[in-house]
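Colleague: here's my sequence, what's the structure:
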Amino acid sequence: MSARFSRFRFATAAVVSFGAGVLFASGMDWTKISWAQNSSGARAPLVRGPMGPETGASFADIAERVTPAVVAVNTTRTARPRAQIRGRPPQGMEDFLEQFGGQQPRQQRGEGSGFILSADGYIITNNHVVADADQVSITLSDGRVFKARVVGADSTTDVAVVKIDAKGLPTLTVGDDERTRIGDWVLAIGNPLGLDFTVTAGIISAKGRGAELSMPNQGNFTISDFIQTDAAINPGNSGGPLVNLRGEVIGLNSAIQSQTGFYSGYGFAIPITLVKNVADALIKDGRVRMPVMGVSVTRVDPEDAGINGLAKVAGVKVAGFNPPDGGPAKAAGIEVGDVITTVDGKPVDRVSALQRIVRMRRIGDVIPVEVVRFGTKKSFRVKLVDAEAGGQLAVNTTEPTGTSSPAAGKLGLSVEALPEEMATRMKTNGRGVRVSEVSQDGPARDKIAAGSDVLLEVLYPTPRRAIRSVTDLQNAISGLKDGDYVSLLVQSLDPRVGQRVVNIRVGG
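Modeller: Residues are numbered from 1 along each chain as shown. All right, here's what the predicted structure looks like:
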């Protein structure tokens, strides 16, 4: 009995030690984003997947059912030779060889994935998989190869639709990503690293990933609203489906986060409800008409929540309008500095949520919008317009220059009058003082940039007023005490940054 007990204790200790080793070895890091697109030992123990509570299906059952509707996407692009700068020595092997190659165009090949949406040959993939491709071919799971044409592509969502001439194709069932939960099991199916029709498993690690990711296609209207998963996604997986345990596609695999460009723990998929919305428009019209509210927004930080009396740090802050002198949101009564909390009856906790809600509606729809304006709740109705209808504001302004002054000493800032030529170039409409210095131990540190930021307006304390001189700013903040808040409309000299609202807690 004693010997058996000793053997039992030894076995238990071995299992615990092994488990601790596995946990220790499972660390991973969080680095840069790249597309999951490919351009040109000992066997693991068999692990059976868990049973799906709704269907009783294992991973093997799901993979068997889904894989026939997954395709490999192969592209060819003509890379034009780079212009050589006269007198410049070769910068690498390619430059060296091009001296002897007659500057001939080169063929570049790319690989990605996709899935069949309809039995008559419409296939969904990523925009970045087929962008600028001269030729696109599709390989089915049964080995057949078809030439494909690009029906349409949308860079703002990274969704594309291609078409092959075939009938009776297997298709995937479109699921509802909004019903998925963090922790749900998912499978990623695609063609990573040229390994056709590979299946990986994992869970949904997060939803609504957006502003914290710097995607390669980032732009003014880019929709960043990703499902994060730890199912292995590698170059070549781009455009493949992310499916749930019912075998329904809930996302379009698009990008990975990795220092090396290969799987390092996390991948990202575009929610299928957004993908389907865009794909339907591409199939119908060959293009996507994008509804917008005409606002530029940023995330809410603790100071934004504090100045508005919000119970939690959530919502999106209105930083400006597009076009600057109008647009539907401004016409409805929304103001710079407002925090949007709900749109179309749905809570808005981050920028990606607002983008997605609006993108799912149609141009011309009138939607309810609720905001908080420095502690006061307000409701508006905004008519959505086509993003292409935006205009430009051209203004003329003059502003005398002056000497630097610690006018905003309570905020840890020194400011100076805005030079006339800079005011004209920035189109500030007669407003603005430039920040010349920011105290590293003041409340504006990490919020205002010296030399490149211009203060345009004081939004709070009310009444809202333009800053046309150093004195205007002095008068606006003279009564502030430690613990009070001030809200400023700020414009950067960098046109890529534009305008934003900065809320600061005095003495913070």
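Colleague: any weak-confidence spans in the protein?
Modeller: Along the chain, the parts satisfying pLDDT under 70 run over 1-57, 79-105, 210-224, 256-265, 324-325, 389-409, 508.
Colleague: what's the domain layout of it?
Modeller: 30-39+54-80+103-288, 291-389, 405-505 (automatic domain parsing).
Colleague: assumed G202 was part of a strand.
Modeller: Yes: counting by DSSP: H, G, I helix; E, B strand; the rest coil, G202 is part of a strand.
Colleague: any idea what the residue lying closest to I164 once chain neighbours are set aside is bridged to?
Modeller: Distances taken as CB to CB, 6 or more residues apart in numbering place F146 nearest to I164, at 3.9 Å, with adjacent residues excluded. C-beta coordinates here come from the backbone N, C-alpha and C atoms, glycine included. Applying DSSP bridges to F146 gives these bridge partners: I138.
Colleague: got a list of what F146 touches?
Modeller: For F146, the contacting residues are G121, S137, I138, L140, I164, D165, A166, by CB atoms under 8 Å, 6 or more residues apart in numbering.
Colleague: which of these lies closest to D196?
Modeller: Distance to D196 across those (CB to CB) is lowest for L140, with 10.4 Å.
Colleague: V71 is in contact with that closest one, correct?
Modeller: Yes: counting by CB atoms under 8 Å, L140 touches V71, with 5.8 Å between them.
Colleague: who has more neighbours, the two?
Modeller: V71 (31 against 20; other CB atoms under 10 Å).
Colleague: gap between that one and S155?
Modeller: From V71 across to S155, the span is 22 Å (CB to CB, to the nearest Å).
Colleague: cool, L418 as well?
Modeller: Separation of L418 from S155 (CB to CB) stands at 35 Å.
Colleague: ok, now D441?
Modeller: Distance of D441 to S155, computed by CB to CB: 43 Å.
Colleague: ok, G479 - how many residues close by?
Modeller: Residues near G479, counting by other CB under 10 Å, number 9.
Colleague: list the contacts of the residue nearest to it when sequence neighbours are not counted.
Modeller: Residue nearest to G479 in three dimensions, not counting chain neighbours: P461, with 7.6 Å by CB to CB, 6+ apart. Contact partners of P461, counting by CB under 8 Å, 6+ apart, are A476, G479, L480, D484, V486.
Colleague: would you say A279 is within a helix?
Modeller: Yes: A279: assigned to a helix according to three-state DSSP.
Colleague: ok, it to D386 distance?
Modeller: Applying CB to CB, the value for A279 to D386 is 19 Å.
Colleague: which one's more surrounded, those two?
Modeller: Remark: of A279 and D386, A279 carries more neighbours, 26 against 12, as counted by other CB under 10 Å.
Colleague: can you map out the helices along the stretch 51-200 of the chain?
Modeller: Applying DSSP state H, counting those that start in this stretch to the stretch 51-200 of the chain gives helices spanning 59-66, 93-98, 127-130.
Colleague: the last one packs against which elements?
Modeller: Translated: helix 127-130. Packing partners of helix 127-130 (3 or more CB pairs under 8 Å, 6 or more residues apart in numbering; DSSP states H and E): strand 70-79, strand 106-116, strand 145-154, strand 159-163.
Colleague: can you list those in CSV and add distance to V249?
Modeller: Converted to CSV, those look like this (distance: least, CB to CB, whole Å):
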stretch, distance to V249
strand 70-79, 10
strand 106-116, 6
strand 145-154, 18
strand 159-163, 13
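Colleague: which of the ones you listed sits closest to D230?
Modeller: strand 106-116 (18.5 Å).
Colleague: parallel or antiparallel, list what pairs with that closest one.
Modeller: Counting by DSSP bridges, strand 106-116 is paired with strand 38-39 (antiparallel), strand 70-79 (antiparallel), strand 122-125 (antiparallel).
Colleague: nearest to P495, out of the helices and strands packed on helix 127-130?
Modeller: Evaluated over the helices and strands packed on helix 127-130, closeness to P495 peaks at strand 145-154, with 24.3 Å, by CB to CB.
Colleague: got the angle between the closest one and strand 70-79?
Modeller: Going by axes from the mean of the first three to the mean of the last three CA atoms, to 10 degrees, strand 145-154 is angled at 80 degrees with respect to strand 70-79.
Colleague: any idea how far strand 145-154 is from the middle of the chain?
Modeller: With CA atoms, centre = their mean, to the nearest Å as the basis, strand 145-154 stands 25 Å off its chain's centre.
Colleague: next one: stretch 233-247
Modeller: 18 Å.
Colleague: same question, stretch 331-345
Modeller: On the basis of CA atoms, centre = their mean, stretch 331-345 sits 21 Å off its chain's mean C-alpha point.
Colleague: go on, stretch 314-334?
Modeller: Offset of stretch 314-334 from its chain centre (CA atoms, centre = their mean): 21 Å.
Colleague: how long is it end to end?
Modeller: Between the opening and closing residues of stretch 314-334 lies a distance of 18 Å (CA to CA, to the nearest Å).
Colleague: surely V435 meets A449?
Modeller: Yes: contact criterion CB under 8 Å: V435 and A449 qualify, at 7.1 Å.
Colleague: okay, these two: which has more neighbours?
Modeller: Each of V435 and A449 has its neighbours counted (other CB under 10 Å); V435 has more, 22 against 15.
Colleague: please identify the helix or strand for the more buried one.
Modeller: Using DSSP states H and E, V435 falls within strand 433-438.
Colleague: ok, A231 - contacts?
Modeller: Residues near A231 by CB under 8 Å, 6+ apart: V186, L187, A188, T200, A201, G202, I203, L242, G267.
Colleague: hang on, it in a strand?
Modeller: No: if the criterion is three-state DSSP, then A231 is coil and not within a strand.
Colleague: leaving out chain neighbours, which residue sits closest to it?
Modeller: Closest residue in space to A231, ignoring its immediate chain neighbours: G202 at 3.2 Å, by CB to CB, 6+ apart.
Colleague: next, find the distance separating that neighbour from N191.
Modeller: 18 Å.
Colleague: more neighbours, the two?
Modeller: The neighbour comparison of G202 against N191 (other CB under 10 Å) goes to N191, with 27 against 19.
Colleague: so that one makes contact with F197?
Modeller: Yes: N191 lies in contact with F197 (CB under 8 Å); the separation is 6.6 Å.
Colleague: any residues in contact with both of those two?
Modeller: Joint contacts of N191 and F197 (CB under 8 Å, 6+ apart) are A72.
Colleague: before we move on, back to that, what's the farthest-apart pair in the contacts of P461?
Modeller: Spatial extent of these (CB to CB) is set by the pair A476 and D484 at 12.0 Å.
Colleague: no more questions from me, cheers.
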